[in-house]
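**Q** sequence unknown, structure follows:
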């Protein structure tokens, strides 16, 4: 074992050495060619294009500024030429031998014939397959008018969106980027933010189901990168949106988006806020040998909050820029109120209730995430090499409070009433500096870099018995816990493209050091490990209409920070959750085969192995049936196979349909005696339809069907969801009105069951998915605006584990 660890460290150091060798290569000598461009009257010529060629081969180009000045950088010496063009002037060609820094001034003479400027627009294929991703070209292929951003994402292969989640086929979670800037939100908050962005600005969407080596190796995740349009004029643009939602309650969510781009500076910001309320109904049935326990726990969830996400950038010149981005929460509070929590203990012989427990409580949760990042990018003179440097700081503070009452009853006679109060807090501080380099070597493109992560977390939990309205601390059920994690990462990858083939191979190494400290019992838990994560991508163009690709990657799933806290968080008098400081990382192997035909049809087959999978599970005690304990452990090994089929149909110019079919086979092997091994299939059919009645009115008809099967270890009964909508677009006034009815038949609340310690547990969860939405959006300003140049943040992995 010691020999293996030493070998891993040697390989890690070799990768680090290779990175610094590459840095030295990028620092080769450059020669400066500069000068001034004027016309025959001596007036400076602005926006003239100056191209530098060596032996008639393009090397670099530049534009003249308002004074007619230009500057070029050459990475070699020899015979070369300058080719200068400007609208309304004759081209000028200047040949010379470059030995040292050189100044060349040029005079342009007017054309005798001036042609009108002509714009030629080419339409790209809808789907382009690259070695490691799909690129879906939205502009000119998918209608964006009258739609939200999530409506566009629903049209894409392997992507599925529900009311509260964004998913990629075969992946546990999804990371979203806007122009290489990570969106540090999840769930419904993520979907609300995406819908605050007008879909008209989307140029393309990249779907990366197996992230390459330059991305963190954390989790069985996929990446969705939204790239906005860039061929538009400077200026301001704004989008204001208001949502009214009616389910069991009434809610309102609003957002404001603004963007500006000038010659040197650019800005983009979004403010989201809302007061959103919904009903959540949980039903549990536990079938013990001598008794049946049923629990009905309806709750009212309310979210009240607002936040700002913004970035400000400055272009020093055409090769260098700096960007500062930040996320600031103004207010964030989530209130969970028990409506009527009742647990019945039923005698199965006569089906009568012997006893009951009534619980009533309220949980208040405040969650504030502040994130800031400074990003710098420099493009070298060959226009193919560049490096980026960034440092990000993230602070997340969460506070939980819960007061609850428990009343016991036997034969309709009240026995005891107990009052309790719990409170806890979590605080994360994460610092992540990062360097990345991209450059060509012969016919290959090389990506390499390094990243450091410094993570400190602290948590506390306190349990009080409430007597005569006085909270008395129970030290035996209270705790404080600190956790430190440091990760050093290096990676190196090479990519080569030919007309028929594309290849990419990479290796990423990560050294992890962790220390957990439980302060009450004064006990520390330490761990240290080094891992290597290879990635391989091969893509082949079969003909002009089809291509096939194969990729493989190793990944790691580290424990979420809060799962490591060993103490209890009480949900009720009898129910509590407990963490595990001895959790180990889980390792994942992914293999995918993809086939693309005619840009509108694709199939994907995947195989995933995940050993020692981390998860939370509920333990039922047949000797004490009142207790339910939620534990955390590396308790499952998973083997999964899957098939996705995607087809875009445009049979008529007034119709657009997306069909997706997903099929899974999963086998779960448990290392806990309480949970038996499980295996089975699951599949779903999705059909999204849009009908364009005229240029102003659209109708929407979407449905999803999931057959009974195995989903994430649990057996699920049938699920069906139907959404019907109507969109009205006023092109002159730039506003859109959307009406949407979701889960029309109230059938998107399936029943699940699994077995714990020989006891079958059945549960249903309804989250108010049947609802009506009214959405009004209004665009202001110059909607043909240059979009931002946002960076790739350095702390995406750490954010996913909060």
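**A** Cool, the structure landed. Fair warning: this is a prediction, and the values are worked out from it, not measured in the lab.
**Q** This protein: helices as residue ranges?
**A** In chain order, the chain shows helices spanning 2-26, 149-153, 187-196, 796-800, with DSSP state H as the criterion.
**Q** Find the nearest non-adjacent residue to residue 86, please.
**A** If the residues on either side of it in the chain are set aside, residue 86 comes closest to residue 48, at 4.0 Å by C-beta to C-beta, 6 or more residues apart in numbering. For glycine as for every other residue, the C-beta is placed from the backbone atoms N, C-alpha and C.
**Q** Touching, the one you found and residue 63? I think so.
**A** Yes: using C-beta atoms under 8 Å as the test, residue 48 is close enough to residue 63 to be in contact (6.9 Å).
**Q** Those two: who's more crowded?
**A** A direct count of neighbours by other C-beta atoms under 10 Å for residue 48 and residue 63 places residue 48 higher, at 23 against 13.
**Q** give me every residue that touches that one.
**A** Residue 48 makes contact with 37, 63, 64, 68, 70, 84, 85, 86, 89, 108 under the criterion C-beta atoms under 8 Å, 6 or more residues apart in numbering.
**Q** Okay, it and residue 713: tell me how far apart.
**A** When distances are taken as C-beta to C-beta, to the nearest Å, residue 48 and residue 713 turn out to be 65 Å apart.
**Q** Tell me the bridge partners for the residue nearest to residue 269 when sequence neighbours are not counted.
**A** Computed as C-beta to C-beta, 6+ apart, the closest residue to residue 269 that is not its neighbour in sequence is residue 310, at 3.5 Å. Beta bridges link residue 310 to residue 269, residue 326, judged by DSSP bridges.
**Q** Residue 124 is in contact with residue 138, isn't it?
**A** No: with the criterion set as C-beta under 8 Å, residue 124 and residue 138 do not qualify as a contacting pair; they are 9.8 Å apart.
**Q** okay, the two: which has more neighbours?
**A** Neighbours were tallied for residue 124 and for residue 138 using other C-beta under 10 Å; the higher tally belongs to residue 138 (25 against 16).
**Q** On the pLDDT front, check the more buried one for me.
**A** You'll see residue 138 listed with a pLDDT of 85.
**Q** For the protein, which residue occupies the most central location?
**A** Most central residue of the chain, judged by C-alpha distance to the mean C-alpha position with C-alpha atoms, centre = their mean, is residue 175 at 1.6 Å.
**Q** Report the separation between the residue nearest to residue 269 and residue 189.
**A** Computed as C-beta to C-beta, the residue 310 to residue 189 distance reads 16 Å.
**Q** which stretch in the helices of the chain has the least confidence?
**A** The weakest mean pLDDT among those belongs to helix 796-800, with a mean of 50.
**Q** re the thing from before, look at residue 310 and residue 189 and report which has more neighbours.
**A** When residue 310 and residue 189 are compared on other C-beta under 10 Å, the one with more neighbours turns out to be residue 189, at 20 against 15.
**Q** now the more buried one: how far from residue 337?
**A** Residue 189 sits 20 Å away from residue 337, taking C-beta to C-beta as the criterion.
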